[in-house]
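J.: Sequence unavailable; structure follows:
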């Protein structure tokens, strides 16, 4: 559904199924270009959907594919990567690495059932606030049309009276924090590994 | 209907579950041997590249990964219609022969051997490798360890690793061997020949020289007259790595042979909803249920089957052992002209004949002038499509069937593995054992467990392969319940 | 339990291939040392020991339990929990327990798809379309089968794990080294490793152990091994275009496969500090691909025939996403 149609149906008062779903999109922006573009959009009061939650990295090349996977595992419907235009990276070449990681992630995740449109890449310079806002709006509508992803943590919460979530938490769970110290082993330091 | 439930007290994979139902007279009405697990290789290998299949299918079984590795590599060759160079085939068969020495050694001394060496009526605590060593001496234990060490070292030299080898690929192998490695392998082969002869000697002294054991081997309780399957070379001799699959009828007639690609014309798998494993049978005869005989499509694929299905062994010492085997156990040929041994416990002896052949074959291959050639791979030129690879796993004929797309990614996988072939005969053996020991609702206690164990242990079952699930020793627990379901007795072993 | 009694050891394979048990047996003569140091209460592959005796033990009475194999059915989960209660230290042994291993790739399909495939292969004679039944009414009575779980799980997704020994299977020399350290820790002559430690493996990647020569990491193409006429025996395999998982895989195996000109497939699991194995490997490969234009990048990446399998061959069940979407989206049970 396009932005125009979404606005149109709002004004006419019809509420279709698609407009009730608000995608959760995690947006990784680079400090030097795209984050500043987002800032610019804000100060210029350019309207764009609030669905993208921005996380600032120093460079798009800092994007570890782990972040993308964690976003999906934690409930995101889509991930947006933004960075400096090729050739304009503040750290010279790192946005090319981001580009390659993005291409590789997209095809791998597709093999796992995540539609390619759920992970998108946008280059934006610090001056391109309006364009970035438009791109964010476009991505939001594309993801809205796909529907929620709702990646589950587990299929069975309980087996034979044992809360698997609690068992999972006891090992440190998704937080990656050190597991609670075991009474059976008072001398051991708790070190987290997964 | 009265019910004796052979039921693990703890719900635990690795158990065979056996359910025995009694009729109103207290006789056995039926027995169900359930295999409780599945992992799904035929599904999750779809989408994988064919060159990965030899290492993926390794993980069906960590006891016989070499079998899957080779069947898979041969299937992958067939998918590309590529013929590996002679040296590559020699290397694959050499690795495979060393694997047979190791595997058959392990089964005879640690798994099957205790039935005889210590005795079927000995306490369960003694019926293991330690009991065997106590009987035959610790020096023998050192030899057994040495045999296994040697075998795994050869596997590592050719296959890269001791468990889950990595070097067979479509078109050949990733690397060859050096002269130094070759010399070491030849030495190990010669040592293994002596070790195999020694093992046959132990069988002579402890089993054949003992009338009680001999009677047990020849007894009706362990006799089943099924069809027999095994790979045979162009001369009709047993070959573990390559050949055509031969089918021998219980009456000593060779029903036919088939090339791997033709397997579906010959075998099909029957389904029962109470187990994860399927029951292969011969299509030309048809599935008649859990019965033996020439009119039933049930067949066995074991060392005994291979010897029955073939005309002899391809190496001299093994051939002599083969002739002695049949002279002792099948003095007269069957109606079809071939001597057949239907006494299933003789599988243990057949396994040692194969051990000797594997050792002799190691030396033959290790002394082939082309074994150290660096030319170990042919690059495929054709578009990948479909192929079948067959080898003899120690536990039976192993079939890998792959279909791929034009890039060589798997679109369909069909696996019929060693122990699966024997699921029907094993189930029948168990029922026969139950029938011989349970009358009018009375259970003979230790005898039941021992006989049931022996009835399927001789098949050297590898349920890791069979359901592409889980392997090894069969822990077995028998809970005898009365008709109200109250436990009146619990018998157990290995668990 | 008297103070002089040997500590109890249990070795159990859940949904496993048995390779881990064979690897333990392959410590050869040292098996005697293990039998001398421990009272082995459970090891179905090799020795007798009763499961009912396990239930009869006090909680924590088993000093060390090694669990290999994955949590595939409700029975395997049940027994893992039983052993956890009865054990002081629970060790995740091998790749299946640690990260799901190759059978974890089943998580790319739904349970129904797996059963349908197995029971309708070209050689399967099943005109009625029968499927395994957890409860089946036979003519004589009801028969039960353990339930195949919708997802394959790792050991630590089911119980609290103290230590991990990685590998598919762990190399026997490493197994013995780890067991020796455990024996020393239990009798007080050596340090007890911190909870959560990885034992029997290195602290780096397979690349560190690999003897191949590393030149320049600029990968212009990925190739399928069967298409490489001659594999250079000395040069880094990745630099020859063969997708080798060394950069993300924990050291400890001795880099045996690359030494035999077979690319590392990643069986020793994640290198230290890695949260998601596939993510780390994707990052490594993407970093060294020698292309900057999207079309050119895609052309190079097309050389990786099966990305999901390449990056998650052993680690899918233990990864952040744990499965493919089909595993849970179409499972109506």
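T.: Alright, I've got the coordinates. Note that the coordinates shown come from a computational prediction; the quantities given were computed from them, not determined experimentally.

J.: now the helices for chain A?
T.: Ranges of helices within chain A are A:3-12, A:34-43, A:65-73, A:94-111, A:129-146, A:164-170, based on DSSP state H.

J.: avg pLDDT for the shortest one?
T.: Yep, that's helix A:164-170 we're talking about. In this model, helix A:164-170 has an average pLDDT of 52.

J.: What of the second one?
T.: When pLDDT is averaged along helix A:34-43, the result is 91.

J.: before we move on, what about the fourth one?
T.: Confidence over helix A:94-111 (mean pLDDT, whole number) is 97.

J.: what's it packed up against?
T.: Helices and strands touching helix A:94-111, by 3 or more Cβ pairs under 8 Å, 6 or more residues apart in numbering or on different chains; DSSP states H and E, are helix A:65-73, strand A:78-83, strand A:119-123, helix C:277-288, helix C:294-301, helix C:307-312. Glycine gets a C-beta too; all of them are placed from N, C-alpha and C.

J.: and the residue of the stretch 51-200 of chain B found nearest chain C, what is it in contact with?
T.: Using Cβ to the nearest Cβ, the single residue of the stretch 51-200 of chain B nearest to chain C is residue B:62, 2.0 Å away. Counting by Cβ atoms under 8 Å, 6 or more residues apart in numbering or on different chains, residue B:62 makes contact with B:163-164, B:464, B:471, C:16-23, C:169.

J.: can you do 6 Å?
T.: Residues near residue B:62 by Cβ atoms under 6 Å, 6 or more residues apart in numbering or on different chains: B:163, C:17-19, C:22.

J.: do residue C:306 as well
T.: Neighbour list for residue C:306: B:48-49 [criterion: Cβ under 6 Å, 6+ apart].

J.: how about JSON lines for the helices and strands packed on helix A:94-111, with mean neighbour count, mean pLDDT and distance to chain B added?
T.: Compiled in JSON lines, the helices and strands packed on helix A:94-111 are given as follows (neighbours: other Cβ atoms under 10 Å in any protein chain shown; pLDDT from 0 to 100; distance: least, Cβ to the nearest Cβ, whole Å):
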{"stretch": "helix A:65-73", "mean neighbour count": "21", "mean pLDDT": "96", "distance to chain B": "20"}
{"stretch": "strand A:78-83", "mean neighbour count": "28", "mean pLDDT": "97", "distance to chain B": "24"}
{"stretch": "strand A:119-123", "mean neighbour count": "22", "mean pLDDT": "97", "distance to chain B": "21"}
{"stretch": "helix C:277-288", "mean neighbour count": "24", "mean pLDDT": "97", "distance to chain B": "15"}
{"stretch": "helix C:294-301", "mean neighbour count": "16", "mean pLDDT": "97", "distance to chain B": "14"}
{"stretch": "helix C:307-312", "mean neighbour count": "25", "mean pLDDT": "98", "distance to chain B": "5"}
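
J.: mind checking which of the helices of chain A is nearest residue C:28?
T.: Between residue C:28 and these, the shortest gap by Cβ to Cβ is with helix A:164-170, which sits at 36.4 Å.

J.: Contacts for stretch A:125-139, please.
T.: Contacts for stretch A:125-139 (Cβ under 6 Å, 6+ apart): A:3, A:33, A:36-37, A:40-41, A:44, A:46, A:48-49, A:52, A:80, A:85, A:120, A:122, A:124.

J.: switch the cut-off to 8 Å
T.: A:3, A:25, A:27, A:32-34, A:36-44, A:46-49, A:51-52, A:78, A:80, A:82, A:84-85, A:88, A:120, A:122, A:124.

J.: Whichever residue of the stretch 351-495 of chain B sits closest to chain A: what's it in contact with?
T.: Nearest residue of the stretch 351-495 of chain B to chain A, counting by Cβ to the nearest Cβ: residue B:409, 11.1 Å away. Applying Cβ under 8 Å, 6+ apart to residue B:409 gives the contacts B:47-50, C:305-306.

J.: Please report how far it lies from residue B:384.
T.: From residue B:409 across to residue B:384, the span is 9 Å (Cβ to Cβ, to the nearest Å).

J.: can you pick the most crowded of the contacts of residue B:62?
T.: Within these, neighbour counts (other Cβ atoms under 10 Å in any protein chain shown) peak at residue C:17, which reaches 37 neighbours.

J.: hmm, back to that, show me which of the contacts of stretch A:125-139 are buried.
T.: A:3, A:25, A:27, A:32-34, A:36-38, A:40-41, A:46, A:48-49, A:51-52, A:78, A:80, A:82, A:84, A:120, A:122, A:124 (16 or more other Cβ atoms under 10 Å in any protein chain shown).

J.: Now do the helices in chain C.
T.: Under DSSP H, chain C gives helices at C:19-25, C:30-37, C:51-56, C:74-86, C:94-99, C:111-118, C:172-186, C:206-209, C:256-259, C:277-288, C:294-301, C:307-312, C:325-329.

J.: Please work out which of the ones you listed is packed deepest.
T.: Compared across the helices of chain C, helix C:94-99 shows the largest average neighbour count, a mean of 33 (mean count of other Cβ atoms under 10 Å in any protein chain shown).

J.: Work out the gap between that helix and the centre of the chain.
T.: When C-alpha coordinates are averaged (Cα atoms, centre = their mean, to the nearest Å), helix C:94-99 and its chain have centres 3 Å apart.

J.: what pLDDT does residue C:60 get?
T.: Note for residue C:60: predicted pLDDT of 94.

J.: before we move on, which element is residue B:158 in?
T.: Here residue B:158 sits within helix B:138-159, counting by DSSP states H and E.

J.: thinking again about what came up before, who touches both of residue B:409 and residue B:384?
T.: By Cβ under 8 Å, 6+ apart, the residues touching both residue B:409 and residue B:384 are residue B:50.

J.: Just the pLDDT for residue 24.
T.: If you meant another chain, say so; for now it's chain A. Listed pLDDT for residue A:24 reads 97.

J.: that's the wrong chain, I wanted chain B
T.: pLDDT at residue B:24 comes out at 81.

J.: domain parsing for the chain?
T.: Reading this off chain A. Domain segmentation of chain A under automatic domain parsing yields A:3-146, A:154-194.

J.: that's the wrong chain, I meant chain C
T.: Taken from automatic domain parsing, chain C resolves into C:8-100+C:152-186, C:110-145, C:206-312.

J.: and the shortest one, is it in reach of chain A?
T.: Meaning domain C:110-145. No - figure legend: domain C:110-145 not in contact with chain A (Cβ under 8 Å from any Cβ of the partner chain); closest approach 9.5 Å.

J.: Stretch C:204-213 now?
T.: No - taking Cβ under 8 Å from any Cβ as the criterion, stretch C:204-213 and chain A are apart, separated by no less than 14.8 Å.

J.: And the average pLDDT for that stretch is what?
T.: Summarised as a single mean, pLDDT over stretch C:204-213 is 97.

J.: From the chain's centroid, how far away is that stretch?
T.: From the chain centre to the centre of stretch C:204-213 is a distance of 21 Å (Cα atoms, centre = their mean).

J.: Residue B:460 contacts residue B:351, correct?
T.: Yes - between residue B:460 and residue B:351 there is a contact under Cβ atoms under 8 Å: 7.5 Å.

J.: between the two, what contacts are shared?
T.: B:107, B:112, B:394.

J.: Between the two ends of stretch B:78-86, how far is it?
T.: With Cα to Cα, to the nearest Å as the measure, stretch B:78-86 spans 16 Å from end to end.

J.: Residues touching that stretch, excluding its own?
T.: Here stretch B:78-86 has contacts from B:50, B:77, B:92, B:170-173, B:260-261, B:370, B:373, B:375-382, B:384-389, B:402, B:404, B:408, C:226, using Cβ under 8 Å, 6+ apart.

J.: how about that stretch: buried residues?
T.: Buried residues in stretch B:78-86, counting neighbours by 16+ other Cβ under 10 Å, are found at B:78-80, B:82, B:84-85.

J.: Could you figure out how far the lengthiest helix in chain B is turned away from helix B:138-159?
T.: In chain B, assigned by DSSP H, the helix with the most residues is helix B:179-203. Going by axes from the mean of the first three to the mean of the last three Cα atoms, to 10 degrees, helix B:179-203 is angled at 140 degrees with respect to helix B:138-159.
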